[in-house]
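Novice: Show me how the following folds:
(one chain, ligands or ions: 2)
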Amino acid sequence: MRTISELEAVARERLDPVHYDFYAGAAGDELTLRANEEAFSRRVLVPRVLRGAAKRDLATELVGSPLSMPVLVSPTAFHRLAHPKGELATAKAVAKAGTVLVVSMAATTAVEDIADAARQAATDPALWFQLYLQPDPEFTESVVRRAERAGVRAFVVTVDSPVFGRRERDHRNGFHDLPPGLVVENLRDGLGRVRDIEMSAGFTWEHVAWLKRTTALPVLLKGVLHPEDARLAVGAGVDGLVVSNHGGRQLDTAVSTVDALPALAEAVAGAIPLVLDGGVRRGTDVVKALALGATAVGVGRPVVWGLAAAGEEGVTEVLERLREETDHTLALCGAAAPGDLTADLVR
Ligand SMILES: Cc1cc2nc3c(=O)[nH]c(=O)nc-3n(C[C@H](O)[C@H](O)[C@H](O)COP(=O)(O)O)c2cc1C
Ligand SMILES: O=C(O)C(=O)c1ccccc1
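Specialist: Ligands and ions are numbered 1, 2, ... in the order given. Next up, the predicted model:
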């Protein structure tokens, strides 16, 4: 089994350099992209000993979905640019791993087909759906209904994108659109046309309340970094938060996610679960995030690297590597389960 950084090197060789830059890149000077990884490196573990953690169990649960390990797959756009089987390959690997795939609204495969592939691979796979609220509420609602009918179990509303981030690699490379033949399949309207994803800076907590009234499924907000927003989310009846800066692709110089996490954990005080994403590359990163208050972490780029390097098997390699490293780190920290991890283990 290769490390994530080894898989990234393979992916980089296989991908069109313009597409590699789309996946690897981030906003502005990419300071937040680097800060996410650096914030993990800066923290050290202070392990406990002699705690009899011979039998370890990595399983956890989030808003009613079971996870075989505290690692889920964050939504990433355009998997068919990384591999011809695209999201179908990703969905099979994630279903077999027994964890959650958050399907991107910008997927290049229809959510119904992704759900079929996941069900082929495992019984009762857990798919969630990531939404960018659209200015036309009727269109947003039609996407919600479509995802519900396909069997998704939760919605993740990305709230860190009132405008699209400025990714300078994409500007330099002239990468603005999918190549001919690929479209954002989940934005087909009733007439067979495909709409563009629209960002809008006009959304408020009122729109979150609207979505809560519109669906009975759990609603998580992705991209919350300020503790006051975490408090407002609890008040709005939101079911969970993804502590995320979009992998550094939106606001450059935004706080790294592990640096933001402790204050968010304090703000929600256990009322709702926190998922952290950004910079998770090792089992030690998973353990640090859990110790500081996350119930699980999400991985974005690592899954794209696995997919580009080796399709479904590559995604499996990434997820099994993270599972194995997380288990090994738990053992070395004297913890039998994620619930044994406490903030005093991290400095
Ligand atoms: C290529 C790429 C595409 C992404 N597309 C989406 C998306 O469609 N929706 C979304 O909410 N986040 C998207 N993200 C952000 C990820 O969900 C996640 O927050 C981020 O990748 C985590 O950081 P990591 O890549 O360091 O793991 C994307 C990230 C990347 C790298
Ligand atoms: O690249 C991204 O980070 C992203 O979120 C996105 C959203 C819509 C279309 C393409 C990418």
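Novice: so does the longest helix anywhere in the chain get close to ligand 1?
Specialist: Using DSSP state H to define each element, the chain has its longest helix at helix 301-332. Yes: residues of helix 301-332 contacting ligand 1 under CB under 6 Å from any ligand atom: R301, V304. Bear in mind the C-beta positions are built from the backbone N, C-alpha and C, glycine included.
Novice: ok, the residue of the chain found nearest ligand 1 - contacts?
Specialist: Going by CB to the nearest ligand atom, ligand 1 is nearest to G300 of the chain, at 2.1 Å. Counting by CB atoms under 8 Å, 6 or more residues apart in numbering, G300 makes contact with S74, P75, T76, G247, D277, G278.
Novice: Would you mind marking which of those residues are also close to ligand 1?
Specialist: Applying CB under 6 Å from any ligand atom to the contacts of G300, those adjacent to ligand 1 are S74, P75, T76, G247, D277, G278.
Novice: I'd like to know how far the fifth one sits from G223.
Specialist: Going back to what we said before, that points to D277. Separation of D277 from G223 (CB to CB, to the nearest Å): 10 Å.
Novice: which residues touch the residue nearest to E185 when sequence neighbours are not counted?
Specialist: Leaving aside its chain neighbours, E185 sits nearest to A110 (4.2 Å; criterion: CB to CB, 6 or more residues apart in numbering). A110 is in contact with E185, N186, R188, counting by CB under 8 Å, 6+ apart.
Novice: Model confidence at A110, what's the number?
Specialist: Here the pLDDT value assigned to A110 is 98.
Novice: And for the one 3 residues further on?
Specialist: With respect to pLDDT, D113 scores 98.
Novice: same thing with D189?
Specialist: 88.
Novice: quick one, phi psi at the nearest residue to it once chain neighbours are set aside?
Specialist: Counting by CB to CB, 6+ apart, the nearest residue to D189 once its immediate chain neighbours are dropped is R195, at 5.9 Å. Main-chain torsions, R195, degrees, to the nearest 10: phi -80, psi 160.
Novice: Run a quick neighbour tally on R195.
Specialist: Applying other CB atoms under 10 Å, we find 15 residues neighbouring R195.
Novice: quick one, what contacts it?
Specialist: Q134, F139, L187, R188, D189.
Novice: Up against ligand 1, what does the stretch 201-347 of the chain have?
Specialist: Taking CB under 6 Å from any ligand atom as the measure of proximity, the stretch 201-347 of the chain contacts ligand 1 at 222, 244, 246-247, 249, 277-280, 299-301, 304.
Novice: Among those residues, name the ones in helices.
Specialist: Reading helices off those with DSSP H, I get R301, V304.
Novice: just the residues of the stretch 201-347 of the chain next to ligand 1 that are near ligand 2?
Specialist: H246, R249.
Novice: so can I have a markdown table of the residues of the stretch 201-347 of the chain next to ligand 1 showing pLDDT?
Specialist: As requested, these are arranged in a markdown table below (pLDDT from 0 to 100):
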| residue | pLDDT |
| --- | --- |
| K222 | 99 |
| S244 | 99 |
| H246 | 99 |
| G247 | 99 |
| R249 | 99 |
| D277 | 99 |
| G278 | 99 |
| G279 | 98 |
| V280 | 99 |
| V299 | 99 |
| G300 | 99 |
| R301 | 99 |
| V304 | 99 |
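Novice: Using neighbour counts, trim the residues of the stretch 201-347 of the chain next to ligand 1 to the buried set.
Specialist: 222, 244, 246-247, 249, 277-280, 299-301, 304 (16 or more other CB atoms under 10 Å).
Novice: which one of those is nearest L67?
Specialist: Set against L67, the nearest of these by CB to CB is V299 (12.7 Å).
Novice: Nearest the middle, which residue of the chain would you pick?
Specialist: In the chain, the C-alpha nearest the mean C-alpha coordinate belongs to S74, at 1.6 Å (CA atoms, centre = their mean).
Novice: Apart from its chain neighbours, what residue comes closest to that residue?
Specialist: That would be G298: by CB to CB, 6+ apart, it lies 3.5 Å from S74.
Novice: Contact partners for the one you found?
Specialist: Going by CB under 8 Å, 6+ apart, the list of residues near G298 reads V71, L72, V73, S74, V102, V242, S244, V275, L276, D277, V280.
Novice: how far away is V159 from ligand 2?
Specialist: Note on V159: its distance to ligand 2, by CB to the nearest ligand atom, to the nearest Å, is 12 Å.
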